[in-house]
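A.B. asks: Fold the following for me, if possible:
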Amino acid sequence: MGIGHCSPVSNAKRKLPPGSPQSTSAKRRKPRLRISSLPNDILSSITSKLSLKEAARTSILSSQWRRVWSCRAYIDLSHHTVLSESDKERSWTGPRGIRLNRRKFIKSVGALLQQHEGVGTEDIRIRHNLCDRYAGHINRLVDYAIASKAKGLILELWAVNYGPTTVPYNFPLQVLDTKNSNLCRLELWFVSLSPPASYRGFQNLTKLCLRDVSITNEDVQRLLSEGNHLECLRITYCKMLTSLRIPHCLNRLKVLLVLSFPLLQDMTLDCGVPALHYRGSLIPMEFAAPLKLRKLSIELLTCHSALGFIFNELPATLPRLEMLSLSCTQLERVDSVSRLSKFRSLHHLILNWTISGSARGTTDILDLGCLLEAAPFMEKLELHMVMDHFLHKRYCHEDGELRSLPSCPHSHLSLAHISGFIGEKDQLELALHILHNATVLKSLKIDPWPRTANPIRARVKSENRLANGRSVALEFLCKDDYRNVVSVLEDVGE
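C.D. replies: The predicted structure is shown next:
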């Protein structure tokens, strides 16, 4: 390159002297944007998308980021959020790996909480394989939840590789019996509860969930006797309970869930609760204030007739029942019911009905037609059926004329949904009964796919059954659909 020949230099790369007009205007045109310049609420939202361990690492960026991470509203201290991938894999190496995994979890949680200021915490979840042997460590976590003024605590413990004599963690109820506690939501798994005689009850608690908790009948009474702020109570799989009584002082209770008690023999509701969900065997139930019960969900784990339960077992003292959901497996048909009760306030009925193979020869699905007469003001009807048997006969003209029940005009039913419709004769007869008698019907949805919440076996899912259900509905049901209210679903995703 000769003398005097200069290589071209673009203005973008030319350095300008500081303070020059061009340099000042360039700074005005291109302000330097940093993520730390965002408002704290947006930064908190960003860190909430990260795992707990990743969010804690942001504290090294600056003093501002330390405050952002420490204001995390939801703290999830679990196997997945605290441990590294190598630590998680170690738990698959047997009992020794599980013990090392447990120690690493306790150490990591302690290190994380030392960095957290406990400001703005709403909910804390502690989930790991721990028992009373680690009570000291669990106590520190519970104390942290109280000190951080958290409103929700989920203590989800379980016992693996401890042995049959494992003692569950004894939850210190006295921490709730103080003015320092802001807890209003509490969920306990695999703990033991022994409220002392001087226990004054829950001060602020509005939601209580007990799962696999070791507690006696008398201790449940003592525990709930002062819980007059409770709005939601859930008790699941408490193996020691044989009798359950919900005291009348729970006058603010809105939802009660009693699920899967292996030894429960009876239940008494001395309080008036608007919504009850029960799962278990058929047991006597007493309602001291039946007028308040509006929603009732029953999942029977023992085999029972659906109509037999509705008309013979369901208390006739529920005059304001608006929604009923019943799940059961039927082994035999009930030829007649002792009384055809009237449910004049019932607006929504859901029946999840599994018919076993031994009952199919005697069960007549057309019997369900009496529900139109029993609930004259019903507006929505859902019948979700599973035909749990090998023999299946698609209806055709050679099977004889279709039966019909006496006319029963229904002037309120507007929405009906029948799932598990596989084209059998009595299924078709029931659908026609609904179509002919529901005078204000707007939609009758026919779904060959079984939508029931009960487990569905592989043989129920056969494409042949689904195709038969669709073809029978299109050939025989849609022919009588003069109002164009019938819809036959084609795909399982609809």
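
A.B. asks: Just confirm residue 244 contacts residue 218, I think it does.
C.D. replies: No: if you go by Cβ atoms under 8 Å, residue 244 and residue 218 don't touch, sitting 11.7 Å apart. The C-beta positions use only the backbone N, C-alpha and C, and glycine is treated the same way.

A.B. asks: pretty sure residue 345 is in contact with residue 322, am I right?
C.D. replies: Yes: counting by Cβ under 8 Å, residue 345 touches residue 322, with 5.5 Å between them.

A.B. asks: neighbour-wise, which of the two wins?
C.D. replies: Under the neighbour definition other Cβ atoms under 10 Å, residue 345 and residue 322 were set side by side, and residue 322 has more, 18 against 15.

A.B. asks: Can you tell me how far the more buried one is from residue 109?
C.D. replies: 46 Å (Cβ to Cβ, to the nearest Å).

A.B. asks: Residue 235 now?
C.D. replies: Taking Cβ to Cβ, one finds residue 235 at 28 Å from residue 109.

A.B. asks: cool, residue 124 as well?
C.D. replies: Relative to residue 109, and taking Cβ to Cβ, residue 124 is found at 11 Å.

A.B. asks: Identify the contacts common to these two.
C.D. replies: 77, 141 (Cβ atoms under 8 Å, 6 or more residues apart in numbering).

A.B. asks: and residue 57, what pLDDT?
C.D. replies: Residue 57 carries a pLDDT value of 62.

A.B. asks: Show the average pLDDT along stretch 209-227.
C.D. replies: The model assigns stretch 209-227 a mean pLDDT of 90.

A.B. asks: Counting neighbours, which bits of that stretch end up buried?
C.D. replies: Under the neighbour-count criterion of 16 or more other Cβ atoms under 10 Å, stretch 209-227 has 209-215, 219-220, 222-227 buried.

A.B. asks: Kindly report the same for stretch 232-244.
C.D. replies: Neighbour-count burial for stretch 232-244 [16+ other Cβ under 10 Å]: 232-238, 241, 243-244.

A.B. asks: Pull the distance from that stretch to the chain's centre.
C.D. replies: 17 Å (Cα atoms, centre = their mean, to the nearest Å).

A.B. asks: next one: stretch 225-244
C.D. replies: Taking mean C-alpha positions (Cα atoms, centre = their mean), stretch 225-244 and its chain are 18 Å apart.

A.B. asks: what do you get for stretch 425-438?
C.D. replies: Distance, centroid of stretch 425-438 to centroid of chain: 33 Å (Cα atoms, centre = their mean).

A.B. asks: same deal with stretch 299-311?
C.D. replies: 23 Å.

A.B. asks: same question, stretch 284-301
C.D. replies: On Cα atoms, centre = their mean, the centre of stretch 284-301 falls 19 Å from that of its chain.

A.B. asks: Please give me every residue in contact with residue 102.
C.D. replies: Going by Cβ under 8 Å, 6+ apart, residue 102 touches 128-130, 134.

A.B. asks: did I read that right, it in a helix?
C.D. replies: Yes: under DSSP: H, G, I helix; E, B strand; the rest coil, residue 102 sits within a helix.

A.B. asks: pLDDT at it, what is it?
C.D. replies: In this model, residue 102 carries a pLDDT of 82.

A.B. asks: and residue 124, how far is that from residue 255?
C.D. replies: Taken as Cβ to Cβ, the span from residue 124 to residue 255 is 23 Å.

A.B. asks: try residue 100
C.D. replies: 41 Å.

A.B. asks: Over to residue 144?
C.D. replies: For residue 144, the distance to residue 255 - Cβ to Cβ - is 29 Å.

A.B. asks: And the two? Which one has more around it.
C.D. replies: Using other Cβ under 10 Å, the more surrounded residue of residue 144 and residue 255 is residue 144, with 21 against 16.

A.B. asks: My guess is that one contacts residue 112. True?
C.D. replies: No: applying Cβ under 8 Å, one finds residue 144 not in contact with residue 112, separated by 10.5 Å.

A.B. asks: so what sits against both of the two?
C.D. replies: With Cβ under 8 Å, 6+ apart, residue 144 and residue 112 have no common neighbours.

A.B. asks: right, and residue 248 touches residue 268 too?
C.D. replies: No: under the criterion of Cβ under 8 Å, residue 248 is not in contact with residue 268, lying 10.3 Å apart.

A.B. asks: What mean pLDDT does stretch 345-357 get?
C.D. replies: Mean predicted lDDT for stretch 345-357 stands at 90.

A.B. asks: Give me the residues contacting it.
C.D. replies: With contact meaning Cβ under 8 Å, 6+ apart, stretch 345-357 is reached by 299, 303, 306, 319-331, 363, 368, 371, 375, 377-391, 452-454.

A.B. asks: Out of these, name the ones that lie in strands.
C.D. replies: Mapping these onto strands (DSSP state E) picks out 299, 323-330, 380-388.

A.B. asks: Could you list the low-pLDDT ranges of the stretch 151-300 of the chain?
C.D. replies: 161-163, 178, 227 (pLDDT under 70).

A.B. asks: Strands of that one, start to end?
C.D. replies: Secondary structure of the stretch 151-300 of the chain (DSSP state E, counting those that start in this stretch): strands located at 152-157, 169-170, 185-189, 191-192, 207-211, 232-236, 243-246, 255-259, 266-269, 275-280, 285-287, 295-300.

A.B. asks: As a check, name the ranges of all helices in the chain.
C.D. replies: 21-29, 40-48, 52-57, 63-70, 79-82, 85-90, 95-115, 135-147, 217-224, 306-308, 357-360, 370-374, 425-437, 463-472 (DSSP state H).

A.B. asks: what sits up against the last one?
C.D. replies: Right, helix 463-472. Helix 463-472 is touched from outside by 387, 392, 394-395, 421-423, 428, 446, 448-449, 488, 490, with contacts defined as Cβ under 8 Å, 6+ apart.

A.B. asks: Which residue is the nearest non-sequential neighbour of residue 385?
C.D. replies: residue 420 (3.6 Å; Cβ to Cβ, 6 or more residues apart in numbering).

A.B. asks: Now for that neighbour: which residues touch it?
C.D. replies: Listed by Cβ under 8 Å, 6+ apart, the contact set of residue 420 reads 384-387, 447-452, 460.

A.B. asks: Quick one, grab the pLDDT at it.
C.D. replies: Predicted confidence (pLDDT) for residue 420: 92.

A.B. asks: what does residue 458 give?
C.D. replies: pLDDT, read off for residue 458, is 40.

A.B. asks: Could you report the neighbour count for the closest residue in space to residue 128 that isn't next to it in sequence?
C.D. replies: Excluding the flanking residues, the one nearest residue 128 by Cβ to Cβ, 6+ apart is residue 105, at 5.4 Å. Per other Cβ under 10 Å, the neighbour tally for residue 105 reads 23.

A.B. asks: Low-confidence ranges, the stretch 1-150 of the chain, go.
C.D. replies: 1-72, 84-98, 115-120.

A.B. asks: Equivalent analysis for the stretch 351-494 of the chain, please.
C.D. replies: The stretch 351-494 of the chain contains residues with pLDDT under 70 at 357-361, 389-390, 453-461, 491-494.

A.B. asks: separation between residue 205 and residue 322?
C.D. replies: Distance from residue 205 to residue 322, counting by Cβ to Cβ: 28 Å.

A.B. asks: mind giving me the domain split of this structure?
C.D. replies: Under the assignment automatic domain parsing, the domains of the chain span 36-72, 294-494.

A.B. asks: With respect to residue 189, which of these lies nearest?
C.D. replies: domain 36-72 (19.6 Å; Cβ to Cβ).

A.B. asks: mind listing what residue 232 touches?
C.D. replies: 206-209, 253-255 are the contacts of residue 232 under Cβ under 8 Å, 6+ apart.

A.B. asks: I am finished for the moment; much appreciated.
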